[in-house]
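Asks: A predicted structure for the sequence below; I have some questions about it.
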Amino acid sequence: MTEKTVQEVRKLPPCRSACPAHVNVQAYVALIQRGKFKEAVEVIRKDLPFPAICGRVCFSPCEDACARVNVDQAVAIRALKRLVADIEHEQGRVKPEPVPRKYGEKVAVIGAGPAGLAAAYELAKLGYPVTVFERMAEPGGMMRYCIPDFRLEKFVVANEIAYIEDLGVEIKTGVEFGKDITIESLKRDGYKAIFIAIGTQLGMRLNVPGEDLEGVINAVDFLKTIALGKPVKIGERVAVIGGGNTAIDAARMAKKLGAKEVMILYRRSREEMPALPHEVELAEKDGIKFYFLVAPKQIIGENGKVKAIECLRMRLGEPDETGRRRPVPISFSEHQYEVDTVIPALGQVTETTSLPPEILNKEKRGLPVQVDPLTLETNIPGVFVGGDVATGPASIIEAVGAGKRAAVSIHLYLTGQDLRKRKGENIEETTWVKDWGLMPKKERRHDAPIEKPHLSFEEAKEYLEKLKQKARFEAFRCLGCGPCAECLASMDLCEGDKAVVDENKCVGCNVCAIVCPVEAIKKNEKGVAQVNEELCKGCGLCAARCPEQAITMKKLTNEQILAMALTALKEVK
Amino acid sequence: MESNPSTPPKIVCFMCNWAFCEEELHVPYNVNIVRVMCIGRMDPTLVLETFANGADGVMLAGCKPPDCHFIDGNLHAERAVKMLKKLLALTGLGANRLELLLTSPIESKDFGSYAKVFSEEIWKLGESPLKKDELASMIRVNVDAAKNAASAFRLRVLLGREEELTEFLNAYGEKIPEEEFDALLDEVVKAEFIRYKIHHLTRANPRSVKELAEAVGIKPSAVLRHITNMRRKGMIALERVEGNTPLYRALEVR
C-alpha cells in the first residue's frame, strides 16, 4: 500500500521536494521523533543508498528549503541522518537479502561514483542484473578519492557500497571504459542498456603563465594522491585557488600535512562562495586564511619552482547566468603572495577521450555530451548518460538524483514503455502552515558533531543514549509540512488514518476546523465539514472534539480505543 | 497504607504514540498502556468510560509543549483534562484519579518512575468507589451523567473553542480572560452534569422536583430551573401530576 501511494503523491513537503533524490525527510524525521532509528535508516534507503555519506557531506538542500527557517532555524536534517546511519553502523547492519531477479536484461553502469551506484542500486531493487565497471582500484568515485578522510571516512564509503553489493549488484574494478570495454563490446556481451556516469575527473587549469612550474598541483590530483596513500610534497606556504568545497578540503588537507601557512584565494566575496558555510568555519578554525576578491594573474617561478603568485584585485559587477555577481578585475592592482605551493581548485571537467564520439556535444561551448535532460537518453539507443558528466561538477545528492532518473529511464526503455511518461515529475511543494508567527520558537537541540570525544565503553554508551534523546528532541522541531508522509512510525496504529464526517450529523459549528492542526477539515459551501484527505494526518483531534460526534476516524475509532482500554484493564492483574 | 487493599490499583495509561519509546519504558505491571495517535485525540468520554469500566486511575501521557507531533494536540489534552477533573470531582470519584503527564523526549527515561509515583498515589486513594458496595450505585449514576455531559454539544463546543475564545479575538473583537473562561466552564460543567443526572434519575421512574432536589443535592428551585431548560431541549417531559406534585420523566435523547 505504501509503495504505491508514495509514488502517486505529488504534493511534497519543501525538504523532500528540494532534495534531488527526493528522500522522504518528513518520514524519517518522524521516525526519529518516535525513537525508531533503525526504521529511519530503512526509510532513507528507499530513496538514497548513502545515508551515512550524505549525513556527513551532503550540502543539504533540504535544510535550505526547510519551512522552519520562517520561524527560527531549519531542522538539523543532515545531522539527524548522520546519527541514525551511525547508530545502525554501531549496532551492526543487517545484511539485506539479495533482490530476486525479475528481469533478464543485463544492464551495464560505467563509473562507480554516486550517480552510477545509485542507478545500479535502483535497478537492482527493480530486479535487473546490474554490473558496474570502475576504472580505479576501489569503487566510490569522488566520494572515495576526492573527499578527504577527515570529512568522510573511507570505511563509511566502503560500508554503503557493500550494502549495494549485498543487494546483488556486481562491481568490477580496474576496468577502463574506452580501453578495456567499449559500448560495442558491452553490447556484444549481452548488456541491453548502458548508463555512462564517468563524472568529471580532470581539475580545471588556471590558464595563467607559470602553471607548469614545480609546486603547482591540482586539488583533485592532490587529494586523489593522498587518498591512494601515495606521498605528496607540500611546501610551507600554500595558496589554494577557488572557493568550492574541494578548495576547502585541499586547504585543510595541506594544513594537516604540515604546511605552515595556508591561504585560500577566491575571486568573489564570502557570500558567493559555493563551499558549505560550516566547512568554511572549520577551515578558519584550522587557521586557514581567506583572501577574497583576488584572482591569480601569473605564477612566478625561480629555478623552475614556485616562488610567488601574482594576483589582481577584483570588484563585483553585474550578476552572471549563475546568479552570482561577476568579478571584474581592477587594473594596476597587482600584488604578490610569497608561496611555494599553488593548488588550483577551480572545478573539474570530463575527460572526453573515452566517450563514444556520437554522443559528444559538437559545439565548443557548454557541456561535453548531448543528452536529454529529462530522460538522459543519448543519440545511441540504450545508452544513457548522467551525473556530473552530463551536468558539470555538482554534488553527491544531485548525482544520486541523476542515477535514479537514469534507472527509471532504463526500466521504461527495457520494458518498451514511453520514456517521457514517468511518474512523480511534477512535484508541488506544500506546507500547511499559514501563519509563521503562531509557531512556537525552538532552538536547535542537536547538530552535526564537530569532534567525537574519546570515551570509555560505559561513557560511550551513555553518550550515545544522550545523543539519541537529543536527536529525538530535535526531530520534534519538524513542522511536518507535507501530508501524511507514510512514515510507518505508527503503521500498526494509524494505517494512514483519515477522518470521516457524517454529513447528516454535522451542524457546521466549525470546532473541527479550529482544532485541526493542519487545516485539513473545513466547512464547505453547504456548511458541512469536509475532510481534505490529501492533508489529513489522521491525528483524530477533530473526532475527539466534534460536539455532535459527527466525525469518526477510519481506523482508530473511539470504539477501538475503548476496546483497547478495556483489554488493558483486563490484563491488569 | 493501612486501610488500603493489598492488590495494586488498576491503572490505564493512554499514551501519545510519539511521546515515549516502548523499549525505554520501565512501567509498573499494574499500569497498562494504550497507544493513541496524539494525547489530544482522547475524547473526554473515553476517559470516563474507562473509569466506568473499573479503572482505579487513568493517566494521559503526552509531550511537553511546545513540542507536539501535531503542533498543539497536547494543549487540547490539557484543556480536556481540566474539564474532566471538574467532572470527576462532581461524580465523587475524585479529580486525583486522573493525571496528565506531559514530558519532553529528553526526559522520557523517567516515565516509568512517573507511572510508579502515580500508581502509589492511587493506591493510597484506594480502589475506585465504583467497586465499593455502599456508594457504588449512586456513583455509577454520577459517572453515567458525567459521560453524557461530556458527549453533549454544549460542553464539547465550549471545550473545542477554548483556544479560540481565550487566545484569539472572537467575532466581536473580545478576548475572554482565562479566569473568566474557567468560571464559565465550571458553571457549564456543573449545569450539564446536573441535567444529565436528572435525566438519568427520571429514566426508569417519573420523579418530583423535591425527590430530585434531594437526590442531586441542590435546592428545589434550582432543579426546577434545570427542568425548564431540559423541557425546552426535549430532554424531559411532564409525565403526570400526582395531587399537587408534577412528576417528570426523561425522554430519549437523540
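Replies: Ah, there it is.
Asks: so what's residue B:202 closest to, chain neighbours aside?
Replies: Once flanking residues are discounted, residue B:202 sits nearest to residue B:250: 4.4 Å by C-beta to C-beta, 6 or more residues apart in numbering or on different chains. Every C-beta, even on glycine, is put in place using the N, C-alpha and C of the backbone.
Asks: Can you classify the closest residue to residue A:338 other than its chain neighbours as helix, strand or coil?
Replies: Leaving aside its sequence neighbours, residue A:338 sits nearest to residue A:308 (C-beta to C-beta, 6+ apart; 4.8 Å). Per DSSP: H, G, I helix; E, B strand; the rest coil, the local secondary structure of residue A:308 is strand.
Asks: now swap in residue A:312 and tell me
Replies: Going by three-state DSSP: residue A:312 is strand.
Asks: how close does the closest residue to it other than its chain neighbours get to residue A:317?
Replies: Of all residues beyond its chain neighbours, the one nearest residue A:312 is residue A:329 (4.6 Å), with distances taken as C-beta to C-beta, 6+ apart. Remark: distance between residue A:329 and residue A:317 (C-beta to C-beta, to the nearest Å) = 10 Å.
Asks: Which residue would you name as the spatial centre of the chain?
Replies: All of this refers to chain A. Central residue of chain A (C-alpha atoms, centre = their mean): residue A:397, 3.1 Å from the mean position.
Asks: That was the other one, I meant chain B.
Replies: residue B:84 (3.1 Å).
Asks: Please look at that one and residue B:50 and confirm they touch.
Replies: No - counting by C-beta atoms under 8 Å, no contact exists between residue B:84 and residue B:50, whose distance comes to 11.0 Å.
Asks: Could you list the domains of chain A?
Replies: A:2-96+A:425-475, A:106-200+A:350-414, A:203-347, A:493-571 (automatic domain parsing).
Asks: Which of these sits closest to residue A:485?
Replies: For the domains of chain A, proximity to residue A:485 was assessed by C-beta to C-beta; domain A:2-96+A:425-475 is nearest, at 3.9 Å.
Asks: quick check, the closest one touching chain B?
Replies: Yes - Domain A:2-96+A:425-475 lies within reach of chain B by C-beta under 8 Å from any C-beta of the partner chain, at A:30, A:33-36, A:439-440, A:442, A:445, A:469-470, A:472-473.
Asks: What subset of these is buried?
Replies: Listed as buried from these are A:30, A:33, A:34, A:35, A:36, A:439, A:442, A:445, A:469, A:470, A:472, A:473; burial here means 16 or more other C-beta atoms under 10 Å in any protein chain shown.
Asks: hmm, which two among those residues are most spread apart?
Replies: Spatially, the most separated pair among these is A:36 and A:439, at 25.1 Å (C-beta to C-beta).
Asks: Below-threshold pLDDT in the chain: ranges please.
Replies: Reading this off chain A. Within chain A, the segments meeting pLDDT under 70 span A:1-10, A:364, A:424-425, A:450-451, A:488-495, A:572-573.
Asks: hmm, I had chain B in mind actually
Replies: B:1-5, B:21-25, B:108-109, B:133, B:254.
Asks: all helices of it, in order?
Replies: For chain B, the helices defined by DSSP state H occupy B:44-52, B:73-91, B:111-125, B:133-150, B:153-160, B:162-167, B:178-204, B:209-216, B:220-233.
Asks: got the contact list for the nearest residue to residue A:387 once chain neighbours are set aside?
Replies: Once flanking residues are discounted, residue A:387 sits nearest to residue A:115: 2.9 Å by C-beta to C-beta, 6+ apart. Residues in contact with residue A:115 (C-beta atoms under 8 Å, 6 or more residues apart in numbering or on different chains) are A:197, A:199, A:386, A:387, A:388, A:399, A:400, A:402, A:403, A:406.
Asks: Narrow these to those that are buried.
Replies: If we count by 16+ other C-beta under 10 Å, these have these buried: A:197, A:199, A:386, A:387, A:388, A:399, A:400, A:402, A:403, A:406.
Asks: what packs against the host helix or strand of the last one?
Replies: Spelled out, that is residue A:406. Using DSSP states H and E, residue A:406 sits in helix A:396-414. Here helix A:396-414 touches helix A:51-57, helix A:114-126, strand A:191-196, strand A:383-385, helix A:388-391, going by 3 or more C-beta pairs under 8 Å, 6 or more residues apart in numbering or on different chains; DSSP states H and E.
Asks: what's the closest non-adjacent residue to the residue in the stretch 151-254 of chain B that chain A sits nearest to?
Replies: Among the residues of the stretch 151-254 of chain B, residue B:160 lies closest to chain A, at 3.4 Å counting by C-beta to the nearest C-beta. Of all residues not flanking residue B:160 in the chain, residue A:511 sits nearest, at 3.4 Å (C-beta to C-beta, 6+ apart).
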